[in-house]
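>>> attaching a predicted model along with its sequence, questions to come.
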Amino acid sequence: MTILVHTKADLAKARAGLPGRVAVVPTMGALHDGHRALLRRAKEIADAVVVTVFVNPLQFRPNEDLDTYPRSLDADLAMCEAEGADVVFAPSVNEMYPDGREGLTSVHAGPLGEVLEGASRPGFFTGVLTVVAKLFHLTRPDAACFGEKDFQQLAMVRRMVADLDLGIAVEGVPTVRESDGLARSSRNVFLSEAERAAALAIPAAIGAAQASPDPLAAARRILGAEPALDVDYVAVRAPDLGEAPAAGPARLLIAARAGTTRLIDNAPVVVGDTAIGDAR
Ligand SMILES: Nc1ncnc2c1ncn2[C@@H]1O[C@H](COP(=O)(O)OP(=O)(O)OP(=O)(O)O)[C@@H](O)[C@H]1O
Ligand SMILES: CC(C)(CO)[C@@H](O)C(=O)[O-]
Ligand code: BAL
């Protein structure tokens, strides 16, 4: 049976009763099959699983979708129950930030926090890392599961855990997709039929990039052919998100807006592999 708690005090009591190794799955709720994969992985690598459900205001800019972000705690709880999670921590904003957010001590994200998502959403990674650090302290996990869909976030959490010697095993879970290739995302519910059709240019760009010795050009070509998609960035970087290699394994990362909905995706690619044909 899954225990639902809303306060840090009740979380501490529930945590004290958990046996063995504990894995945490931090989420913003509106759980879907991508989250389900994280819950299942957590179950495999630990004896007990804590899920956090918190739409963190600290990582939203004033013009972003904090107020409209989907919230569905009852359904989230049902999924956590079905997947055998032990505890769900769903705090209020006041519980997490009782002294408000002005002047809050925070985790500085470093240079990697300034590029890609960090360039498009200034302050985003400070907001993410600060709340993740708080959630780690509150849940005291041995392991934590994050999705590769948010690839830069996964890299930044790994970096924080290493730099601050947090001693938590960070587990990356591959991106779960719809049958047509679109990455599962809580924000997909906002897409109209036409926007959703346009969004398919993102997995199409990934497919073309993976089949080309010049992944960036191939992805740009596909994205550029979809006028209903407003591309924020398309980039090839090293697998650790450093500078792209001249040749060899790399990561393609895409962010684009379909209507007002911002979508991100990424995948492994190989730069300069002349053995693979270019799908023009
Ligand atoms: N399709 C997916 N496959 C694997 N992991 C995912 C997927 N979608 C989300 N996750 C992971 O779930 C965790 C919680 O993410 P979050 O609650 O923000 O969901 P989300 O679908 O990414 O929402 P949004 O896309 O609106 O930001 C993160 O570690 C995220 O990477
Ligand atoms: C890690 C996280 C739960 C922090 O709010 C959020 O960024 C998310 O859901 O990916
Ligand atoms: N999934 C990352 C959280 C966000 O977009 O705010």
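It's in. Ligands and ions are numbered 1, 2, ... in the order given.
>>> my guess is Leu66 contacts Pro57, does it?
Yes - Leu66 lies in contact with Pro57 (Cβ atoms under 8 Å); the separation is 5.8 Å. To be clear about C-beta, it is placed using only N, CA and C from the backbone, and glycine gets the same treatment.
>>> what's near enough to touch Val22?
By Cβ atoms under 8 Å, 6 or more residues apart in numbering, the residues touching Val22 are 15, 46-50, 139-143.
>>> show me the contacts for the residue lying closest to Glu178 once chain neighbours are set aside.
Nearest non-adjacent residue to Glu178, counting by Cβ to Cβ, 6 or more residues apart in numbering: Arg184, 6.4 Å away. Taking Cβ under 8 Å, 6+ apart, we find Arg184 in contact with 32-34, 149, 175-178.
>>> kindly recompute the last result at 6 Å.
32-34, 176 (Cβ atoms under 6 Å, 6 or more residues apart in numbering).
>>> quick check: residues of the stretch 1-150 of the chain near ligand 3?
28, 59, 150 (Cβ under 6 Å from any ligand atom).
>>> rerun at 5 Å
Neighbours of ligand 3 within the stretch 1-150 of the chain, by Cβ under 5 Å from any ligand atom: Asp150.
>>> so whichever residue of the stretch 151-280 of the chain sits closest to ligand 3 is in which element?
Of all residues in the stretch 151-280 of the chain, Gln153 sits closest to ligand 3, at 6.0 Å by Cβ to the nearest ligand atom. In this structure, Gln153 sits in helix 151-163 according to DSSP states H and E.
>>> and the next helix or strand past that helix?
Toward the C-terminus, helix 151-163 is succeeded by strand 169-173 as the next helix or strand (DSSP H and E).
>>> and that following strand, how far out from the chain's middle?
12 Å (Cα atoms, centre = their mean, to the nearest Å).
>>> and if you look at stretch 178-186?
From the chain centre to the centre of stretch 178-186 is a distance of 14 Å (Cα atoms, centre = their mean).
>>> now stretch 114-127
Chain-centre distance of stretch 114-127: 13 Å, with Cα atoms, centre = their mean.
>>> of all the residues in the helix or strand containing Arg251, which ones are buried?
Element membership for Arg251, per DSSP H and E: strand 248-258. The neighbour-count check on strand 248-258 (16 or more other Cβ atoms under 10 Å) flags 250-258 as buried.
>>> mind listing what that strand pairs with, with the direction of each?
Sheet pairing of strand 248-258 (DSSP bridges) gives strand 229-237 (antiparallel), strand 261-271 (antiparallel).
>>> hey, which of those strands is tucked in deepest?
Of these, the one with the most neighbours on average (mean count of other Cβ atoms under 10 Å) is strand 261-271, at a mean of 21.
>>> pull the residues that contact it.
With Cβ under 6 Å, 6+ apart, strand 261-271 has contacts from 151, 183, 187, 190-191, 199, 202, 206, 209-210, 215, 245, 247, 249-256.
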